[in-house]
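Visitor: structure for this input, please:
(chains A and B)
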Amino acid sequence: MAELAARDTLSVSTRGIPAGTQLTAVAWLRWRMFVNNIFRRRPTGTHQAVGLAFAILLRLIVWPFLALMVVGPVAGSGFLAWIAIAEGHPQTLAPLLAGIVILWQFVSINGLNIAAAVSSFDPASLTRFPLRFGRYLVLRTLLGLLTSSTIVGCLALLAATVGISLAKPALALPAVIVLAVYALMNIFLTRMIGAWMERWLANRRFREIFGLLMALFAVGIQFLSFQRASMRIPGIPDNWFLRFFHGSGPYLHWLPPGFAANAILLAPQRPAVALAQFTGLLASTALFAAVFAIRLHKQFLGEHLSEGVSRRTPANTVTRGRALSRQADALATQARPLPSRAAFPPVVGACLRKEWLVLRGNGAQIIKMFTPLIFVVIFSSGGFGQHSTYLLPGAIAYVLFGLLAGLYNVFGADGLGVQLYLLAPIRMRDVILAKNLMSLGLIAVEAGLAWAAVAMLARNPIPLSLEISTALWAIFVIAMNLALGTLRSIQAPHRFVPGQERQRGTPTNRTSGLLIFLVLFGSMILQVPVVYLSHSFHEPWLTAWIFGFLAAAAIAADALLLRNVDHFILAHRDVFAEVLCKI
Amino acid sequence: MTSLAIDTIALTRQFGEFTAVKDVNLRVAAGQFFGFLGPNGAGKSTTIKMLTGLLAPTSGNIRILGEDLNEHPAEVKRQIGVVPEGMALFGRLTADEYLRFVGRMYGLDRATTLQRTRELLEFMQLAGEREKLITDFSHGMQKKLALAAAVIHGPRILFLDEPFEGVDAVAAGTLKAMLQRMIARGATVFLTSHVLEIVERLCTHVAIIHRGELVAQGSLEELRAGAGSGQTDSREGTAPSGREDRSLEEVFLEIVGADREGNPAATAPEQELSWLS
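Guide: Presented below is the predicted three-dimensional model:
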């Protein structure tokens, strides 16, 4: 009887929560997170006011670059759509729409995701609230709409609609309807890929394979660009992009881009066929939405993605315990310091070993680190090989740009483990020295390999003065970034998981990124007047002298900073506790 | 007949080949202050995740307040409050913003949400931290906020995973009083804690899970007397006379410690770590 009463109470009290209440609550949540992310550090003092002004300035500098990256594909889509209709090349509309899909998905997969970058919000956490699946599906679909891929893709489709409408006003209405559905299809396709990627990326091995595949894809695209001359086909423009435009049309008829293009183009003359094509597009959209929904439903029901638990083994026997005990003894013996024979002091050696073990266990990070070398080889063997004057400094700058980021947040990957450094009876100088030595070792290996590749593949000999000045310039850039990076690592650390930047944040923040940019490219720009002067005075070694002086000054700054780093860290240890040591 | 707040039948969860929870039959009557105990890795958090709909069981059935969780997840979730293992807070919100969000997600109207938010922040002594982001809160403050969020909609069952961990003594006292008032008003509290004294002081009924299996279940008195259901024969006859006076810690160690002879970690301390001063 009492149970019955309880059931009655339950059924009365669980009348549906209005959809609007929950949807607006989530929208409000996202808005507050966005606002709080910008204004987290309120400018209450002069120091913070300067920081805020700097942050705003930084955004003003960065946003035009981002806007320029968006303007290209958007304007290109509008222009090509206009050309396709106005100049009588309707067969190129389907390849154009296919290109927009590829761009959309590539940007999405590469994690250029503004929403994800500004917050740590995991939409899967909404499953703990009393949501019905339909509402959860709607929320998950809507929550990704402000990503850069969706914005760029939608703007490109809007531009294509304008282009088509201007070229032939009779196609305006079908273009608006069809491309709106096409945008919806892309949104579901992105969500579908994202949801399944999330499922697969929960596995570390897959993450590494995926990282390799993405790197190979990026390299492959570059390789195709540089090999275009050897793939020339008579009568077809010498450009793989245009060849794709001309050649892929027939294959796209049975795919969503073909459905969308035909539905627009055939609407005035053959409405029945256009309707059939439009139905094909709708069916594709429904298919992607259904596959996305199936994945989400499993998540909604409480699917567990982590690989951690499945690795646990219940074995706990005496034999295993003794074996572990012996291993521990062996490790303890190995860990005893042997200063007389070791290359480094014990603390530096231990930290170096730890950094190496972390790196060794992260295949994705290693792959990512050495990917630029492949590009250097491609550039050197291509047209750039003739311009050895620019090739060597360019290749070294390119390689350095990716590696220097790691200097700006040396404690970020340690997370909670950084407490060990603060608690142990050691000097932080040794820890930073070890981390910097590891970074410098990697930079030296990669820059050395890039140098060797350029030296072997360049078609003209590289003057010795250029080699020396490039080496001194690189030393200056590395030393300068080492000093700035050490300061930033202590002043503004933030947690990240190496190799999982897409999911768990990036090693550098915007300010550090800008500093790398300024030092690297600022020093490259500095070369212009220096080279001009050396030409004017007929003194080829002038560049080397100037950068030699700068390198010496930067190394001196590094040494000075390293000497005083313990005091500096002591003064900023609250930052460590706040940012890195928080559970 | 007592109504059951929580009723599981052969609840099982596997992760690959590893069985984290195996054939668990839990029965928690409405209005009970129920303690769920077990050593590290025994399956407590996995069980709570299944009971709150965050993790799907591999097999078995869960009924919450008589409703099948699998069939009516939204209805059940509206009736329960949870302080999960990781607290599930949104670090980029303030406490006020977070509670308002949670209130709206549970279907409270705006006025009620605002009123309860204000009351809960006062009660949890977080009202003075309105400008601070949750990510800048101390662990104890986050715990209090998570508890506030778990009760804002007036749940009939409260699931608490280590609720007092990191909470100061004053706040812990306030929280315990609040939980006992909830029990007095008919709510059910399902709590896990490693601090057995807290469980002993608060809970009327206890279940013990060990290596994924429920090894004891019953009232504190039943467990002390060795009569709790689920106990295996291997533990029979080990209790000395006067066993009703035993503490929960003694009962717990007797139940989960019975098969630790083979575990090197349980070896006599004087035989190991001899280098410790």
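Visitor: quick one: the strands in chain B?
Guide: B:4-15, B:18-24, B:27-29, B:33-37, B:59-64, B:67-68, B:80-83, B:157-161, B:188-192, B:205-210, B:213-219 (DSSP state E).
Visitor: how near is A:Asp558 to B:Ile255?
Guide: 60 Å (CB to CB, to the nearest Å). To be clear about C-beta, it is placed using only N, CA and C from the backbone, and glycine gets the same treatment.
Visitor: before we move on, the earlier item: reformat the strands of chain B as TSV; add distance to chain A.
Guide: Converted to TSV, those look like this (distance: least, CB to the nearest CB, whole Å):
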stretch	distance to chain A
strand B:4-15	4
strand B:18-24	5
strand B:27-29	10
strand B:33-37	16
strand B:59-64	9
strand B:67-68	6
strand B:80-83	6
strand B:157-161	11
strand B:188-192	11
strand B:205-210	12
strand B:213-219	12
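Visitor: output these as a markdown table; include the columns mean pLDDT and mean neighbour count.
Guide: Formatted as a markdown table, the strands of chain B follow (pLDDT from 0 to 100; neighbours: other CB atoms under 10 Å in any protein chain shown):
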| stretch | mean pLDDT | mean neighbour count |
| --- | --- | --- |
| strand B:4-15 | 93 | 20 |
| strand B:18-24 | 92 | 21 |
| strand B:27-29 | 94 | 19 |
| strand B:33-37 | 94 | 25 |
| strand B:59-64 | 94 | 19 |
| strand B:67-68 | 92 | 16 |
| strand B:80-83 | 90 | 25 |
| strand B:157-161 | 92 | 24 |
| strand B:188-192 | 93 | 25 |
| strand B:205-210 | 93 | 25 |
| strand B:213-219 | 91 | 21 |
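Visitor: coming back round to it: okay, A:Asp558 and B:Ile255: which has more neighbours?
Guide: Remark: of A:Asp558 and B:Ile255, B:Ile255 carries more neighbours, 24 against 20, as counted by other CB atoms under 10 Å in any protein chain shown.
Visitor: could I get the strands of chain B as TSV with distance to A:Gly349?
Guide: Output for the strands of chain B, formatted as TSV (distance: least, CB to CB, whole Å):
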stretch	distance to A:Gly349
strand B:4-15	38
strand B:18-24	38
strand B:27-29	55
strand B:33-37	45
strand B:59-64	52
strand B:67-68	60
strand B:80-83	44
strand B:157-161	41
strand B:188-192	43
strand B:205-210	43
strand B:213-219	47
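Visitor: hmm, the helix or strand containing A:Tyr182 in reach of chain B?
Guide: In the assignment (DSSP states H and E), A:Tyr182 maps to helix A:172-201. No - with CB under 8 Å from any CB of the partner chain as the criterion, chain B is not reached by helix A:172-201; the gap is at least 14.3 Å.
Visitor: which strands or helices does that helix pack on?
Guide: helix A:93-109, helix A:133-143, helix A:148-167, helix A:204-226, helix A:256-265, helix A:271-300 (3 or more CB pairs under 8 Å, 6 or more residues apart in numbering or on different chains; DSSP states H and E).
Visitor: for that helix, give the mean pLDDT please.
Guide: For helix A:172-201, the mean pLDDT works out to 88.
Visitor: specify the angle between that helix and helix A:133-143 in degrees.
Guide: 100 degrees (axes from the mean of the first three to the mean of the last three CA atoms, to 10 degrees).
Visitor: quick one: buried residues of helix A:172-201?
Guide: Neighbour counts using 16 or more other CB atoms under 10 Å in any protein chain shown place A:172, A:174-175, A:178-179, A:181-195, A:197, A:201 of helix A:172-201 among the buried residues.
Visitor: what does stretch A:545-554 give?
Guide: A:546-548, A:550-551, A:554.
Visitor: stretch A:400-419 now?
Guide: A:400, A:402-415, A:418.
Visitor: and that stretch with chain B, contact?
Guide: No - Stretch A:400-419 stays clear of chain B (CB under 8 Å from any CB), getting no nearer than 12.3 Å.
Visitor: what's the end-to-end length of that stretch?
Guide: 30 Å (CA to CA, to the nearest Å).
Visitor: show the average pLDDT along it.
Guide: 80.
Visitor: do stretch A:141-160 as well
Guide: For stretch A:141-160, the per-residue pLDDT averages 84.
Visitor: now swap in stretch B:136-153 and tell me
Guide: 89.
Visitor: how about that stretch: buried residues?
Guide: So stretch B:136-153, judged by 16+ other CB under 10 Å, has buried residues B:136-137, B:141-153.
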